[in-house]
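Colleague: sequence-free structure coming up:
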């Protein structure tokens, strides 16, 4: 019997807690909890690959690099992205391998440093909107705009954050390696949406300052590995319309038509729920027999059993 294939997109809460310190040690503790859930999914017979975000982490790496600029040259944005991809992948593969071993599942876990080709003329470079780094008050944001020249925007009522360009992913450079590894390991790939690069006319790849949305990257990956499910994990159990309003409605399911209607009505915040819903829509549009699920990490098993979460289908 063929095992179902699933691509898991991990949200920020799967890597870091708002209640804990922003340290590597604190992150590892959260990652260990996350990997217990992922190991449970693996134990149910799913073949999988894992994609993760890197917004807070790459923001801190850039901040540290800029703070130390008088001692060492600041690292380019794409290099900082690669650094975050490496250390988050290290945490995930260490914690997941331990969780699998506890369940007597001898499955290798590997991280692939993954480049993602984007278009140099992508309009996202003219309108930065991808949040990275910590939250700031309005006063702090105004000061950073003045002193650092950052672009900052209010983020879904949670505070102000630096924003950078978020071009659409076009091609996963290491996709052949991921496919070769698929049947032999759980692969952590497209970390942070992938290291953004553009392809020159002679084939040379060049890094660019941007952050690719991990949900769009996970969707592209899911299409290319012909996954059966795209599982997007976030902070909420279900997608909602009229979010944070008296008439909020949590959705157990959405057809492609319904999802399109809700997007057009502006129910989902850019940089928050909107890319998750749009990625889910693109996945089911690519193959009407496929399904996308958006839910919280702690409800993931129930969601896979059809008991909760928001299930997005073609019809």
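Modeller: Happy to help now that I have it. Nothing here was measured: the structure is a model prediction, and the numbers come from that model.
Colleague: Distance of the closest residue to residue 223 other than its chain neighbours relative to residue 36?
Modeller: With sequence-adjacent residues excluded and distances taken as CB to CB, 6 or more residues apart in numbering, residue 223 is closest to residue 286, at 5.1 Å. In short, each C-beta sits where N, CA and C put it, glycine included. Distance, residue 286 to residue 36, using CB to CB, to the nearest Å: 31 Å.
Colleague: So for residue 3, what's the pLDDT?
Modeller: Listed pLDDT for residue 3 reads 88.
Colleague: List phi and psi for the residue lying closest to it once chain neighbours are set aside.
Modeller: If the residues on either side of it in the chain are set aside, residue 3 comes closest to residue 47, at 4.8 Å by CB to CB, 6+ apart. Phi and psi for residue 47, reported as degrees, to the nearest 10, are phi -90, psi 140.
Colleague: residue contacts, residue 47?
Modeller: 3, 4, 5, 6, 182, 183 (CB atoms under 8 Å, 6 or more residues apart in numbering).
Colleague: That one pairs with what?
Modeller: residue 5 (DSSP bridges).
Colleague: all helices of this structure, in order?
Modeller: 24-43, 55-67, 77-102, 138-148, 175-182, 214-224, 256-264, 274-286, 300-304 (DSSP state H).
Colleague: thinking again about what came up before, and the residue nearest to residue 223, how close does it get to residue 292?
Modeller: Counting by CB to CB, the gap from residue 286 to residue 292 is 10 Å.
Colleague: returning to that earlier point: tell me, how many neighbours does the residue nearest to residue 223 end up with?
Modeller: Residues contacting residue 286 under the criterion other CB atoms under 10 Å number 15.
Colleague: That one and residue 131, how far apart?
Modeller: For residue 286, the distance to residue 131 equals 27 Å [CB to CB].
Colleague: How about residue 224?
Modeller: 27 Å.
Colleague: what about these two, which has more around it?
Modeller: residue 131 (28 against 15).
Colleague: I'd guessed the more buried one sits against residue 154; true?
Modeller: No: Residue 131 lies out of contact with residue 154 (CB atoms under 8 Å); the separation is 9.9 Å.
Colleague: wait, residue 16 sits on residue 56?
Modeller: Yes: between residue 16 and residue 56 there is a contact under CB under 8 Å: 5.9 Å.
Colleague: residues shared between the contacts of those two?
Modeller: In contact with both residue 16 and residue 56: residue 22, using CB under 8 Å, 6+ apart.
Colleague: wait, what's in contact with the nearest residue to residue 257 once chain neighbours are set aside?
Modeller: Of all residues not flanking residue 257 in the chain, residue 315 sits nearest, at 7.7 Å (CB to CB, 6+ apart). By CB under 8 Å, 6+ apart, the residues touching residue 315 are 255, 256, 257, 288.
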